[in-house]
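Colleague: give me coordinates for this.
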Amino acid sequence: MRIHRYACWLGTLMLPAMLLAADPAPPPVKKDTMKPPVAPIRPFKVVGHNQTRTDNYYWLRERNNPEVIAHLKSENAYLDSTLAGVKPLRETLVNEFRKRIRQNDESAPWRKDGYLYYTRMVEGKNYPVLCRREGSMDAPEQVMVDGNKEGEGKSFFSIGSMDVSPDHKLLAWAADVVGRRRFTLRFRDLATGRDLAETLTDISSEVAWANDNKTVFYIRKDPQTLRAYQVWRHTLGTAPGSDKLIYEEKDTQFDLDIRRSKSGRFIFIESHQTLTGETLFLDANTPEGRFQVFEPRKRDRLYNVEHLGQYFFVRTNDQAKDFRLLRTPVTATTYQYWEEVVPHRPGTLLAGVQLFNEFLVMLERNAGVIRIHVQPWAGLPAYVEFSESAYSVNLTHNYDVATTLLRFEYSSLTTPKATYDYDLGTKERTLLKQDEVRGGFDSKNYVTERIYAPSADGVPVPVSVVYRKTTKLDGTAPLYQYGYGSYGISSDPAFSPYVISLLDRGFVYAIAHIRGGQENGRQWYEDGKLLKKKNTFRDFISVTEHLVKQKYADPKNVFAMGGSAGGLLMGAVMNMRPDLYRGIIAGVPFVDVVTTMLDDTIPLTTFEYDEWGNPGDQTYYEYMMSYSPYDQVEKKAYPNLLVTTGLHDSQVQYFEPAKWVAKLRAMKTDDNLLMMYTNMDAGHGGASARYKKYEEVALQYSFVLQLASRTATVSK
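Modeller: This is a model prediction of the structure:
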């Protein structure tokens, strides 16, 4: 799966007294707390296009420098000292999360090749238990991987791919124990529960089994850039060092994935970057054969391939901005043999397809709404109907091409996630499981809306809004606004059990579906990247202004949050309109845009030139400089700010937020809060243990809530 600078991370008058009464009242943050850390200034010259920039905090890149580690720890100590008064509130929030989220839980089982697979969560434990039963749920449970046992004693533990061999006897499973997404792959005998002696280290999570049940294809990463660039073949039982290099991607702007086709007949190597893709394929019955190029790469053409029967099906943007579907015989894959199945429909994004023997199922986006389109191979098409105007839906665990059942998950800002089986023939929908939300939650107490905010250039920007029915929309409610807007990733309005803690305290919660995502199709993405990137920032600001104007929010109590590329968004809007926001949370923020994109030794840089631009080109250099949050810091007042990062982050290196905070602290002219939290044991996604995640969300919410309840000041 393609990795981006991406994360989903999680507004302020005097809150209603009846809602705040249950919270421990946080004392004012005092100026006599621990003094904020001051990073030493050590000028470093960065040269580009006859321009020399002085970076006073470049030295913070020295990951192994004890002084750097000491500085990050001092920032953590400063945060703890400054927010000591809200510790009871943080504990209250964690308790709310624990009571609201079912602690002993089990997923709806999914069927694959005669087995039913599912995951369990155990109260008091941090990690999932992955299980299966043969034939039916009445059969004995077989624990494949107990994440709690495997993660015991580790400060970080994350399970990656879990791939069962075609004969169902062996499990290839990957785990990351650092947070840098460099996985170790092990092979488990499912009859005994024991791992084989052989392991593969420092690889991507994804693997693909050949049909001989002993050959596995995997991807190695460049040790410096972490780019997935080589496909290797491993045969179980062979001597160490005997693995064969099958394919190497020489172009540093491309990254690799590997997978089996849904039919199990083929293995695909997918080489891709932002604008261009290429697929190679191999018959899974001939693992020692040679991968063939499906269709040679062509600039600005993306395509991905799936197999059914005698055809390959190709979803592509070739002559189709919003993608179309074609097919070609398995014996003739090059472009001249492709024939159209679903034509291009401008404005309707073909986001994905699922192939069945009797049905074609398409996931589409139109006018900001995601839809499931069912097309029988012989018969009339239909859409799966949903009653809410704004929602999230995704297709999941659809492995059997012979079935007429489609598995999907549905939720909205007021509806907890529900898992359904949908009969494609009868259109009957069966609810298999809906997440239980405890603590007195009732979806009828909340209202969700889809509204549109006029952007700076007049384009209407979709906004998903949710609030408690008792919250008055008279300009007195605090607002918590989230945005992302990069890589074509859409921020669908899905349910969050955490957000309820804000809504029940009188907040309005809004998701700004700004340009840079694909909510309104491919053009929506293209209008928020490269030399149009500022549309993303202006859209977010326009949404805030509109929500204030329409009295969804108190103008003095607006909070904003974004993570990763959304952290870049936070940095940009904070520079452009600091007056709009009382407080901002920037999670793992990509804020040092130009310096990072000039350094091709940093992970993710080279294959993101078509997302942000290559600063080696002066036009892009100057444009990126004009919005790069780190480079645009000025001597002026900024909102209260909480920044989070992870020491082992492989997407946005810890030193970007660390440098940004150091520069802000030296230049800002206000007395507002400025704090940074570094998880010293984690990477881009934060803590891996679920109870640690509760604590991280509680930190963010307590930061917002204590500002919403009173004015808090500290020294710069």
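
Colleague: tell me what the longest helix along the chain is packed against?
Modeller: Longest among the helix segments of the chain by residue count, using DSSP state H, is helix 690-709. Packing partners of helix 690-709 (3 or more C-beta pairs under 8 Å, 6 or more residues apart in numbering; DSSP states H and E): helix 87-100, helix 500-503, strand 558-563, strand 583-587, strand 640-646, strand 674-679. Just so you know, the C-beta spots here come from the backbone N, C-alpha and C atoms, and that holds for glycine as well.

Colleague: mind doing that once more with 6 Å?
Modeller: On a contact count with 3 or more C-beta pairs under 6 Å, 6 or more residues apart in numbering; DSSP states H and E, helix 690-709 meets helix 87-100.

Colleague: next, the angle helix 690-709 makes with the helix it packs on.
Modeller: 130 degrees (axes from the mean of the first three to the mean of the last three C-alpha atoms, to 10 degrees).

Colleague: give me the buried positions along helix 87-100.
Modeller: 89-90, 92-94, 96-97, 100 (16 or more other C-beta atoms under 10 Å).

Colleague: what's the helix or strand following that helix in contact with?
Modeller: Next in sequence after helix 87-100, counting helices and strands by DSSP states H and E, comes strand 105-106. Applying C-beta atoms under 6 Å, 6 or more residues apart in numbering, the contact partners of strand 105-106 are 120-121.

Colleague: each with direction, which strands does strand 105-106 pair with?
Modeller: strand 115-121 (antiparallel) (DSSP bridges).

Colleague: what about the strand it pairs with, average pLDDT?
Modeller: Taken as a whole, strand 115-121 carries a mean pLDDT of 97.

Colleague: now do stretch 201-214
Modeller: Averaging pLDDT along stretch 201-214 gives 95.

Colleague: can you pull the buried residues of that stretch?
Modeller: 203-212, 214.

Colleague: how about the longest helix of the chain: buried residues?
Modeller: Buried residues in helix 690-709, defined by neighbour count with 16+ other C-beta under 10 Å: 690, 692-709.

Colleague: cool, and stretch 618-626?
Modeller: 620-621, 623-625.

Colleague: pick out the most distant pair among the residues you listed.
Modeller: Pairwise distances across the buried residues of stretch 618-626 peak at 9.4 Å for 620 and 625 (criterion: C-beta to C-beta).

Colleague: just to revisit the earlier point, not counting the longest helix of the chain itself, show me its contacts.
Modeller: 10, 12, 15, 26, 86, 89-90, 93-94, 97, 126, 478, 498, 557, 559, 582-583, 585, 640, 642, 686-687.

Colleague: what's downstream of the helix or strand bottoming out on mean pLDDT in the chain, the next helix or strand?
Modeller: Every helix and strand of the chain was ranked by mean pLDDT, DSSP states H and E. The lowest is helix 17-20, at a mean of 35. Once the chain leaves helix 17-20, the next helix or strand it forms, by DSSP H and E, is strand 44-48.

Colleague: now that next one: how far from the chain's centre is it?
Modeller: Chain-centre distance of strand 44-48: 32 Å, with C-alpha atoms, centre = their mean, to the nearest Å.

Colleague: and for that strand, what's in contact with it?
Modeller: Taking C-beta under 6 Å, 6+ apart as the rule, strand 44-48 contacts 52-53, 55, 58, 621.

Colleague: tell me the buried residues within those.
Modeller: For the contacts of strand 44-48, a burial check counting by 16+ other C-beta under 10 Å picks out 55, 58, 621.

Colleague: where along the stretch 451-600 of the chain do the helices fall?
Modeller: 500-503, 522-526, 534-549, 565-576, 593-598 (DSSP state H, counting those that start in this stretch).

Colleague: as TSV, those helices with distance to residue 493 and mean neighbour count would be great.
Modeller: Below are the helices of the stretch 451-600 of the chain laid out as TSV (distance: least, C-beta to C-beta, whole Å; neighbours: other C-beta atoms under 10 Å):
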stretch	distance to residue 493	mean neighbour count
helix 500-503	13	24
helix 522-526	16	20
helix 534-549	14	23
helix 565-576	15	27
helix 593-598	28	23
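
Colleague: how about these, which one is nearest residue 423?
Modeller: That would be, of the helices of the stretch 451-600 of the chain and by C-beta to C-beta, helix 522-526, which comes in at 31.7 Å.

Colleague: the closest one: how far from the chain's middle?
Modeller: 19 Å.

Colleague: what of stretch 206-214?
Modeller: With C-alpha atoms, centre = their mean, you get 28 Å for stretch 206-214.

Colleague: ok, now how distant is the closest residue to residue 166 other than its chain neighbours from residue 236?
Modeller: Closest residue to residue 166 apart from its sequence neighbours, by C-beta to C-beta, 6 or more residues apart in numbering: residue 211 at 5.3 Å. Here the criterion is C-beta to C-beta, to the nearest Å. By it, residue 211 lies 14 Å from residue 236.

Colleague: once you drop chain neighbours, what's closest to residue 698?
Modeller: Nearest to residue 698 is residue 93, by C-beta to C-beta, 6+ apart, at 3.9 Å.

Colleague: which residues does that neighbour contact?
Modeller: 501, 698, 701.

Colleague: about what we covered before: need the helices of the stretch 451-600 of the chain in a markdown table with mean pLDDT and distance to residue 324, can you?
Modeller: Shown next, in a markdown table, are the helices of the stretch 451-600 of the chain (pLDDT from 0 to 100; distance: least, C-beta to C-beta, whole Å):
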| stretch | mean pLDDT | distance to residue 324 |
| --- | --- | --- |
| helix 500-503 | 98 | 41 |
| helix 522-526 | 96 | 12 |
| helix 534-549 | 98 | 26 |
| helix 565-576 | 97 | 28 |
| helix 593-598 | 91 | 32 |
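
Colleague: residue 231 is in contact with residue 246, correct?
Modeller: Yes - counting by C-beta atoms under 6 Å, residue 246 touches residue 231, with 4.6 Å between them.

Colleague: neighbour count winner among those two?
Modeller: Set residue 246 next to residue 231 and count neighbours by other C-beta atoms under 10 Å: residue 231 wins out with 25 against 19.
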